[in-house]
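Visitor: Show me the folded form of this:
(chains A and B)
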Amino acid sequence: MASPTPAHRVTGTERPPWRVVGASVVGPSHVHSGLPNQDAYAFEIVDGSLAVVVCDGAGSAAAAEVGAGLMAHALLDNLRSMSKPAGGAPAMRAAKAVRDARRRLEIEAACAGRPLADYHTTVVAVILNPEGEGFALHIGDGALAASTGLAVDGAAEWRGASVSGPENGEFANETFFVTQDVWADHLRVTALSGVTSILLMTDGAAGFALHADGSLKAGFCEVVDRHLREVTPTDGAQALAVSLSSEKATLNPDDKTLVWARRS
Amino acid sequence: MTGIPGLEAQLEENTSQRTPCVLVLDASSSMDGKRIQSLNEGLQAFEEALKADPVARNRVAVSVICIGRDNLAQVMTPWTDAMHFQAPTIYANGSTPLGAGARLALSELESYKSSLRNMGIPYTRPWVLIVSDGEPTDADWEDAAAEMRQAAVDKKAIVFPLAVEGASTGTLAAFNAPDKGVLRLHGLAFRELFVWLSASVSSASQAAAGTRMQIEAPRMISIET
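Guide: Sure thing, here's the model as predicted:
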């Protein structure tokens, strides 16, 4: 389902209990410099379990879009097989999934005669069973927000949501990559249960969903969530892509990817 | 095709990152006449170019330090977002305390980064442009140059020493990492210099995670290492 994301890519699907909408749009700075969309996303619903992976390839890496696409694919494969909770603690399962996915990238790099650094990419991912139980894993920037409550009108309640925020170096354009040797030091795992609605974003879109102090902007999540649960997944995906490409959104020149999922 | 209703109002990027850019400008008496006039025209061009750039105007922050008057280094323009930047008018006067200028630039950067951190605003690596046409006159300029050089070596800042015609690039090289060298301005192409600086710092301000930026020097500037 992944592999280098075209300039604009949208997907909407529904398979109970999950409804999923994803959009990825190339940033204006990439258009300007002739770079492809270096974000990638992939998701799958199997036996009622949902796996989502969102990757942001490093602008400095020679094959960033390939790295992001491959990592999204490989990690999705590994997570899919982990939807049964019998597999051990989330931290161990997450580390195993990432380690195995990295191996696929290492083989790819070796075949292409490239260093692994050419494929530098961040990763935000989640695996949830039909009851909304599972875990999120995260290396680098981007963000994930998971709501577990419902407001009176049935909309997701974002206050008190679980958040996995970006990890940067001192400078905003420095982050950590799953493709670095030190990946395990930067792997952050969040155990989740009773998830009703979830957002995963690359760096370009994360700034819309988080306050400067890293807390969640409930207003942004509410507006996205309310609309996407009212329209068909296909229409929702188109609308999401239009919003991510709007004049105001593109004041941030980076590529932007957002995947939303809701459990009914 | 329409977007998600009501989302536009939620798209405030309140974590918009900053790229700090500090200019250390030699305004000693040797710069008097056409040089200082060209430098002032260059600063005007810098203001115009930054404001015309939709990303840079939001993300680049500028501070201007002058050296010369009363033989001191002084902040002419405290940290200002590019959209509000107004080019100061520089008058040539006094000696060339370049060491003091470098130290002031480093301390201004530290205090600005600290205030950005307090506000939760991320920032990219700062830029330092040092423009001079002469030899430093302060006694301990070499210590200050070593501090600036260390900042460049440690990748705490991207430093561009620029020698106006007549200046020794050897002296200015002491302010930068050994492998980075010095820019040399040919003639009085300050306008070209600042248009180039605006475009380059704009690219830096747009750099996403992990981006390495290639900068092309303009025609009127050569790089000596």
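Visitor: Validate this expectation: residue B:80 resides in a helix.
Guide: No: using DSSP: H, G, I helix; E, B strand; the rest coil, the assignment for residue B:80 is strand, not a helix.
Visitor: isn't it right next to residue B:62, touching?
Guide: Yes: assessed by C-beta atoms under 8 Å, residue B:80 is found in contact with residue B:62 at 5.6 Å. All C-beta atoms are positioned from the backbone trio N, CA, C, and that covers glycine.
Visitor: Which parts of the chain are strands?
Guide: By default, I'm working from chain A. A:8-15, A:18-25, A:39-46, A:49-57, A:121-128, A:134-139, A:143-147, A:149-150, A:156-157, A:162-164, A:188-192, A:197-201, A:256-263 (DSSP state E).
Visitor: Chain B, not that one
Guide: B:19-26, B:60-67, B:73-81, B:127-132, B:158-163, B:182-185, B:221-224.
Visitor: pLDDT value on the residue nearest to residue A:243 when sequence neighbours are not counted, please?
Guide: With C-beta to C-beta, 6 or more residues apart in numbering or on different chains as the criterion, residue A:243 has its nearest non-adjacent residue at 3.5 Å, and that residue is residue B:3. With respect to pLDDT, residue B:3 has a value of 92.
Visitor: my guess is residue B:3 meets residue A:248, correct?
Guide: No: with contact defined as C-beta under 8 Å, residue B:3 does not count as touching residue A:248 (10.0 Å).
Visitor: Tell me which of those two has more neighbours.
Guide: residue B:3 (19 against 15; other C-beta atoms under 10 Å in any protein chain shown).
Visitor: which residues does the more buried one contact?
Guide: A:239, A:240, A:242, A:243, A:246 (C-beta atoms under 8 Å, 6 or more residues apart in numbering or on different chains).
Visitor: Just to check, the fourth one is in contact with residue B:6?
Guide: No: using C-beta under 8 Å, residue A:243 and residue B:6 do not qualify as a contacting pair, with a distance of 9.8 Å.
Visitor: Can you list the buried residues in the worst-scoring helix or strand of chain A on mean pLDDT?
Guide: Every helix and strand of chain A was ranked by mean pLDDT, DSSP states H and E. The lowest is helix A:28-32, at a mean of 76. When burial is assessed from 16 or more other C-beta atoms under 10 Å in any protein chain shown, helix A:28-32 yields the following buried residues: A:28, A:29, A:30.
Visitor: what pairs with the spatially most central residue of chain A across the strands?
Guide: Ranked by distance to the mean C-alpha position of chain A (C-alpha atoms, centre = their mean), the top residue is residue A:54 at 2.8 Å. Taking DSSP bridges as the rule, residue A:54 bridges to residue A:41, residue A:124.
Visitor: buried sites along stretch A:157-169?
Guide: By neighbour count on 16+ other C-beta under 10 Å, the buried set for stretch A:157-169 is A:157, A:158, A:161, A:162, A:163, A:164, A:165, A:166, A:168.
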